[in-house]
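Q: structure for the following, please:
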Amino acid sequence: MRLILLGPPGAGKGTQAQRLIHKYNIVQLSTGEMLRAAVAAQTPVGLQAGEIMAGGGLVPDEIVIGIISDRLDQPDMKNGFILDGFPRTVPQAEALDHLLRKKHIRLDAVIELRVNESALLSRVETRVAEMRARGEEVRIDDTPEVLSNRLASYRSLTEPLIHYYSERRKLLTVDGMMPIEHVTHEINRILAAIGAVEARATRKPAKKAARKPPRPAVKTAKVAKKASRKPAKTARKAGKATSGRTGKAARGPAKGSGKRPAKRGGKAAKKVTKKRAKARGRLTKRS
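A: Predicted coordinates for the structure are as follows:
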């Protein structure tokens, strides 16, 4: 599974990314973390990025793409990844598409968490007020003023990506204003609908299907054995019947030809001899 999460600051991308990586055992790719890791590892790209970052400059897109390219080659990427915070601009998206094509990697979906900006500002104001009431320290980048600036930057730089990925039929939009659990459920539902988790879902049924064929094979073998025995038994019975009849028939003529014909032949000969003798006697008397 290979995804990109889009949405303005405060939309809940980080929360949903964590849930996805735990559910599907995929890796979250954060450009900031990858840059720091590359600098620490002193890779060729990391050394270039380190010099720029040390001077307070922004790391060029080609260096960021180079770091992502190195990261995609790591063994833990086999199950997929989520890109959070990158790409931020259309040129970055085009460079990423070129890299993925070069590595023969298919991007499954770009999920946009759509939110109401005024509602986001209201949430931040409420959270800041509650933190101050509890005496907690409020982060400088977690105020309505900072969020307002970040939202303006998102609209000008990142929002065009929605049109870019929509044209390529990769964009899937989820209502980010729903409760967290509902957002998670909707993301999982659309991922299953587009087949991004199909291979994982059909893995178990495939194993069951693989276990079933041996049973019919055994039954077929048994049936074949029984079938092979029946003809044999039939043949034996037929053989016995034939041999019995043949034996009797063979014995009958043998007995008859040896005894009865001989007796019948002897009596007939005697009768003929007697008749002849009588006939001779009559002739002798007459003469």
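Q: domain map for the chain?
A: Each structural domain of the chain that the record assigns through automatic domain parsing is listed here as a residue range: 2-26+79-210, 214-286.
Q: and Ile105, that's in a strand?
A: No. Residue state for Ile105 (DSSP: H, G, I helix; E, B strand; the rest coil) corresponds to coil; a strand is not indicated.
Q: excluding its backbone neighbours, what's nearest it?
A: Arg2 (6.4 Å; CB to CB, 6 or more residues apart in numbering). Glycine gets a C-beta too; all of them are placed from N, C-alpha and C.
Q: thought that neighbour was touching Asn79?
A: No. Arg2 is beyond contact range of Asn79, at 9.7 Å (criterion: CB atoms under 8 Å).
Q: more neighbours, these two?
A: Arg2 (19 against 13; other CB atoms under 10 Å).
Q: what sits against the more buried one?
A: Arg2 is in contact with Gly80, Phe81, Leu100, Ile105, Arg106, Leu107, Asp108, counting by CB atoms under 8 Å, 6 or more residues apart in numbering.
Q: who wins for neighbours among those residues?
A: When neighbours are counted as other CB under 10 Å, the busiest of the contacts of Arg2 turns out to be Phe81, with 23 neighbours.
Q: pretty sure that one is touching Val27, no?
A: Yes. Distance between Phe81 and Val27: 4.7 Å, which falls inside the contact criterion (CB under 8 Å).
Q: ok, now which ones touch Ile65?
A: Contacts were defined as CB under 8 Å, 6+ apart; by that measure Ile65 touches Gln92, Ala95, Leu96, Leu99.
Q: excluding chain neighbours, what is closest to the first one?
A: Closest residue in space to Gln92, ignoring its immediate chain neighbours: Asp61 at 5.4 Å, by CB to CB, 6+ apart.
Q: what about that neighbour, how many neighbours?
A: Asp61 is flanked by 17 other residues according to other CB under 10 Å.
Q: shaky segments in this protein?
A: Across the chain, residues meeting the criterion (pLDDT under 70) sit at 141, 197-287.
Q: for it, which segments count as strands?
A: Assignment of strands within the chain using DSSP state E yields the ranges 2-6, 27-30, 81-84, 109-114, 171-175.
Q: rebuild these as TSV, extending it with distance to Gly57.
A: As requested, the strands of the chain are arranged in TSV below (distance: least, CB to CB, whole Å):
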stretch	distance to Gly57
strand 2-6	25
strand 27-30	20
strand 81-84	23
strand 109-114	29
strand 171-175	32
